[in-house]
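S.K.: coordinates only, sequence not included:
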């Protein structure tokens, strides 16, 4: 019985001259397609205008990709400077390449997308979507978008696995992966699979809440569960992941965990608020019920 898995998958599906088609890009596309199909089912169920779906798709995709790219460049590309720089009496030991070369942010073919940046990008996009399209409230859109985003996240993490990137610390567990193409010689935690699984579990939970519990009628509840499921588990998994950048070494919490905290707090607040409102509504409903006449 093997005590580890040797992972040496080619990230390219095929190549035509200088053009290559990679698993990561294909899985991004599959994730977006699945999100669109889920959105179609939800909007049809609620008899919502089809144009609303078209526009939420456009807003979310553009916001997610632009945010993911900016997030990577601004959150994770801090490098130790050859010599510290002083500015306004403050000593800076780290610098960001993209601050001095902002046009290279557009070079997406160089790689680099951050999920937290994508989340922030979608948050901003949904503000404008609500303002310009539905006017039904900021959280209304997220309750319907989150289900598709969860399944897209699972596809993206599978893409990370195909790229042999963003994996965990060494492990003795039998499902440890030796990422040959990343230069590893010992089994590592396949955290891409762990993250794919928590995306799928979160998807299953909020799908069930939507269709079986009609939780979409409690604005913000589905989105709150999504935030807790995605960013809560992401926060915990970061403890067994390798640092993505050198500047994270020695930090009590890495960048991924720091960026996850606001989303976790927001999710807990949304769920707790809706639970409280639901409990209060039930109590008031019971008070208003007529008391049956008692027999003497």
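M.R.: Received the coordinates, thanks. Because the structure is predicted, anything quoted here is derived from the model rather than measured.
S.K.: Show me what the helix or strand hosting residue 58 is packed against.
M.R.: Using DSSP states H and E, residue 58 sits within helix 50-71. When contacts are defined as 3 or more C-beta pairs under 8 Å, 6 or more residues apart in numbering; DSSP states H and E, helix 50-71 sits against helix 23-45, helix 115-129, helix 138-162. All C-beta spots, glycine's among them, are computed from the backbone N, C-alpha and C.
S.K.: What are the buried residues along the shortest one?
M.R.: Put plainly, it is helix 115-129. Neighbour-count burial for helix 115-129, counted by 16 or more other C-beta atoms under 10 Å, picks out 115-122, 125-126, 129.
S.K.: from the residues you listed, which single one is nearest residue 216?
M.R.: Set against residue 216, the nearest of these by C-beta to C-beta is residue 126 (15.4 Å).
S.K.: In contact with the closest one: list those residues for me.
M.R.: 56, 59-60, 63, 138, 141-142, 145 (C-beta atoms under 8 Å, 6 or more residues apart in numbering).
S.K.: What score does it have for pLDDT?
M.R.: pLDDT, residue 126: 92.
S.K.: Residue 85 now?
M.R.: Confidence at residue 85, expressed as pLDDT, is 60.
S.K.: JSON lines please, covering the contacts of residue 126 and showing neighbour count, distance to residue 215 and pLDDT.
M.R.: Compiled in JSON lines, the contacts of residue 126 are given as follows (neighbours: other C-beta atoms under 10 Å; distance: C-beta to C-beta, whole Å; pLDDT from 0 to 100):
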{"residue": "56", "neighbour count": "25", "distance to residue 215": "19", "pLDDT": "92"}
{"residue": "59", "neighbour count": "23", "distance to residue 215": "23", "pLDDT": "93"}
{"residue": "60", "neighbour count": "26", "distance to residue 215": "20", "pLDDT": "92"}
{"residue": "63", "neighbour count": "22", "distance to residue 215": "24", "pLDDT": "92"}
{"residue": "138", "neighbour count": "16", "distance to residue 215": "17", "pLDDT": "88"}
{"residue": "141", "neighbour count": "23", "distance to residue 215": "15", "pLDDT": "93"}
{"residue": "142", "neighbour count": "23", "distance to residue 215": "13", "pLDDT": "94"}
{"residue": "145", "neighbour count": "25", "distance to residue 215": "14", "pLDDT": "94"}
